[in-house]
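Q: below is the sequence, then the predicted model.
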Amino acid sequence: MKEGRERMAKEGESKNKPLIIVEYPDGSSMVYETPKEVEAVEEVTSEVFEFWNLKLRNKDGTYSWVRINSPSRGDEVIIRDFFGRLRHEISRKEIKKDRLTRIWAGEP
């Protein structure tokens with residue numbers, strides 16, 4: 001598994017595509033391309049139950065948004081890069097629901 005990550009990291013570097021990895025509680029993971037190189041995860045919100053929106057702070061000081069799949073089971077996900085500079089752990093109870101989701105779910 002480590003060899004696969006190293007190979008993917010080298011491929012990501014060679015193509016200069018900024019990538020993040022989301023590790024799910026069931027042991028699976030997904031790789032997402034980001035618009036710019038990410039420095040930190042600022043906020044995670046949810047519009048619908050199947051997706052989470054990541055507000056990312058880029059290294060150049062700008063912000064971008066990436067939509068990821070939420071975990072199908074379990075609670076906590078880890079968001080990281082290939083190089084260990086970024087690591088953010090978040091659980092389902094920490095996700096902020098936006099106003100539209102609250103209305104749709106019948107919450108005040």
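A: Noted; the coordinates are in hand. On a predicted model such as this, the values are computed, not experimentally measured, just so you know. Numbers count the residues shown, from 1 in each chain.
Q: give me the contacts around the lengthiest strand in the chain.
A: Identified as the longest strand of the chain according to DSSP state E is strand 38-48. With contact meaning C-beta atoms under 8 Å, 6 or more residues apart in numbering, strand 38-48 is reached by 18, 20, 52-59, 63-64, 70, 79, 81, 86, 88, 90, 94-98, 100-101, 104. (Glycine included, C-beta is placed from N, CA and C.)
Q: any low-confidence regions in the chain?
A: Residue ranges of the chain with pLDDT under 70: 1-15, 49, 100-108.
Q: just the strands in it please.
A: Counting by DSSP E, the chain has strands at residues 19-23, 29-33, 38-48, 51-58, 63-69, 76-80, 87-91, 96-97.
Q: can I get those strands in a markdown table including mean neighbour count?
A: Formatted as a markdown table, these follow (neighbours: other C-beta atoms under 10 Å):
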| stretch | mean neighbour count |
| --- | --- |
| strand 19-23 | 19 |
| strand 29-33 | 13 |
| strand 38-48 | 16 |
| strand 51-58 | 18 |
| strand 63-69 | 14 |
| strand 76-80 | 18 |
| strand 87-91 | 14 |
| strand 96-97 | 14 |
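Q: partner residues bridging residue 64?
A: For residue 64, the beta-bridge assignment (DSSP bridges) gives partners residue 56.
Q: wait, what's in contact with the nearest residue in space to residue 79 that is not next to it in sequence?
A: Excluding the flanking residues, the one nearest residue 79 by C-beta to C-beta, 6 or more residues apart in numbering is residue 88, at 4.5 Å. With contacts taken as C-beta under 8 Å, 6+ apart, residue 88 has the following neighbours: 40, 41, 78, 79, 80.
Q: and of these, the nearest to residue 30?
A: Nearest to residue 30, judged by C-beta to C-beta, of the contacts of residue 88 is residue 79 at 10.3 Å.
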